[in-house]
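sequence below, structure please.
(4 chains)
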2 protein chains.
Amino acid sequence: MIRLAITDDHSLIRSGIAAMLEEMPELLIVGSYANASETLENIKKDAPDVLLLDINLPDTNGIELCKPLIRLLPDLKILALSNHEDTSFVKKMLAQGAHGYLLKNTHRLELITAMKAVLAGEDFLQPQLKSKMLDQLMGKKTRDPFFPKLTRRELEVLSAIAQELTTQEIADKLFISTKTVETHRMNLLSKLGAKNSVGLIRIAMEKGLIGEG
Amino acid sequence: MIRLAITDDHSLIRSGIAAMLEEMPELLIVGSYANASETLENIKKDAPDVLLLDINLPDTNGIELCKPLIRLLPDLKILALSNHEDTSFVKKMLAQGAHGYLLKNTHRLELITAMKAVLAGEDFLQPQLKSKMLDQLMGKKTRDPFFPKLTRRELEVLSAIAQELTTQEIADKLFISTKTVETHRMNLLSKLGAKNSVGLIRIAMEKGLIGEG
DNA sequence: AAAAAAATCAGGGATTACCCTGATTAGACA
DNA sequence: TGTCTAATCAGGGTAATCCCTGATTTTTTT
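A predicted model of the protein is given here:
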């Protein structure tokens, strides 16, 4: 008997998945949580074997949620659910202890396959993600790579831009000169292929680099 | 026997809802479409009584899709599915011929209630939306309203800004002067409470006003 | 028909972002 | 120990945004 729990802030998705899997007799849905704190509160008593975890949660993101979850339930298998097919996300999730990563356009069969895989101790990635990551692991340095990696400072500046701060305000906040901030912004523009800060924030939000609902 | 069809670009949501409703014996799921064109192509032969229609579609938005659908199937009841709890969206949907409006955090029971309601010829709105709309209909001018309604032109400008166009480019695109574009942008800034265009896009994306997955 | 809301445009100025070139320093890595 | 990357900073200029005041016309609503 497999015990399953779901964390997603859309109740429709929760009950949808629940209903979809209900007819599997060997499967028992023991939990259904709308956010991170609800998950942390109940997961110990519900004691699922597998958790379907949406990355975009209202209170925390799924990546940060992985570690405390595994501390609570060391044997828990986490299947990340997300819209982002950015490989850096996948890596982060897996690095934080998730055992699988599914896009929300997954099909029923794939979901079941994924659950079986993680329960058997394997990691599961959707084929499309798998090949993308393999391409990246080997030296395939595409000139227009799927996603350039941003440095710590660039991420800080990006986040500050998203908070509608001006160059001067960012400089004060990070204790650096405005010129340095401009350099970082220019590098961001070029790395992300944006024309201006608006594009920067758009891409960042689409890729989930900055806090969104 | 009720014939149901679903249009949503997330296959997980489609099959989730399908599975959720499958156990209802009086209900038959006759169609499952990923986008607008697929819907238009098949809906006549599938002939559903009710269509669950996601507003965010890759090719068109659900609002524009209503009219042609009703032309094809005059008796079709359309239940809009959306994340936006902006009342102007709701109004538009209903004005275009939809019969109900549900947020994606709906529960199973509510979904069933909604279907029964629209089939009985009534309109259905989620209670939270209903009260919000009533507040708006009466003079309840809240000083900090949930969301200011944006005009057609403002939305066009907003979308253009999101596409990283400059004021000049937007002016050319909309055949208006740069000064007019600036006025619209200023009004957007003040309506949405943003400090600059970056904030504009951030809020717009969070509220789902511009194209996102 | 009157009132309200939306869309249009302008002048003019202050601030900010954008973009180039060029350079130094600290830490990582081999 | 040299190479690379990240992070730091500057000068100087162009372009764009932001912000104010003020106004007319068109469309929608009442």
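
does any part of stretch A:35-48 sit near chain B?
No - judged by CB under 8 Å from any CB of the partner chain, stretch A:35-48 stays clear of chain B, getting no closer than 11.8 Å. From N, CA and C alone the C-beta is placed, and that goes for glycine too.

right, and chain B sits closest to which residue of chain A?
residue A:16 (2.4 Å; CB to the nearest CB).

and the host helix or strand of that residue, what other elements does it pack with?
Element membership of residue A:16, judged by DSSP states H and E, is helix A:11-22. For helix A:11-22, the packing partners by 3 or more CB pairs under 8 Å, 6 or more residues apart in numbering or on different chains; DSSP states H and E come out as strand A:2-7, strand A:27-33, helix A:108-119, helix B:11-22, helix B:108-119.

isn't the residue of chain A closest to chain B up against residue B:11?
No - using CB atoms under 8 Å, residue A:16 makes no contact with residue B:11, being 11.2 Å away.

which of these two has more residues huddled nearby?
Neighbours of residue A:16 and residue B:11, each counted by other CB atoms under 10 Å in any protein chain shown, are more numerous for residue A:16; the result is 27 against 17.

quick check: residue A:17 touching residue B:16?
Yes - using CB under 8 Å, residue A:17 makes contact with residue B:16 at a distance of 5.3 Å.

re earlier: what's the angle from the helix holding residue A:16 to strand A:27-33?
Put simply, helix A:11-22 runs at 170 degrees to strand A:27-33, going by axes from the mean of the first three to the mean of the last three CA atoms, to 10 degrees.

send me helix A:11-22 as PDB with only the CA atoms.
This file holds the C-alpha atoms of helix A:11-22, laid out as PDB (Å, rounded to 0.1, in the frame of the first residue of the first chain):
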ATOM      1  CA  SER A  11      -7.300  22.900  -4.700                       C
ATOM      2  CA  LEU A  12      -8.700  22.000  -8.100                       C
ATOM      3  CA  ILE A  13      -5.300  20.400  -8.900                       C
ATOM      4  CA  ARG A  14      -5.200  18.600  -5.600                       C
ATOM      5  CA  SER A  15      -8.600  17.100  -5.900                       C
ATOM      6  CA  GLY A  16      -8.100  16.500  -9.600                       C
ATOM      7  CA  ILE A  17      -4.900  14.400  -9.000                       C
ATOM      8  CA  ALA A  18      -6.500  12.700  -6.100                       C
ATOM      9  CA  ALA A  19      -9.500  11.700  -8.100                       C
ATOM     10  CA  MET A  20      -7.300  10.600 -11.000                       C
ATOM     11  CA  LEU A  21      -5.300   8.200  -8.800                       C
ATOM     12  CA  GLU A  22      -8.200   7.100  -6.600                       C
END
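
any idea how far the most centrally placed residue in chain A lies from residue B:6?
Centroid-nearest residue in chain A, with CA atoms, centre = their mean: residue A:55, separated by 4.3 Å. Residue A:55 is 24 Å from residue B:6, where distance means CB to CB, to the nearest Å.
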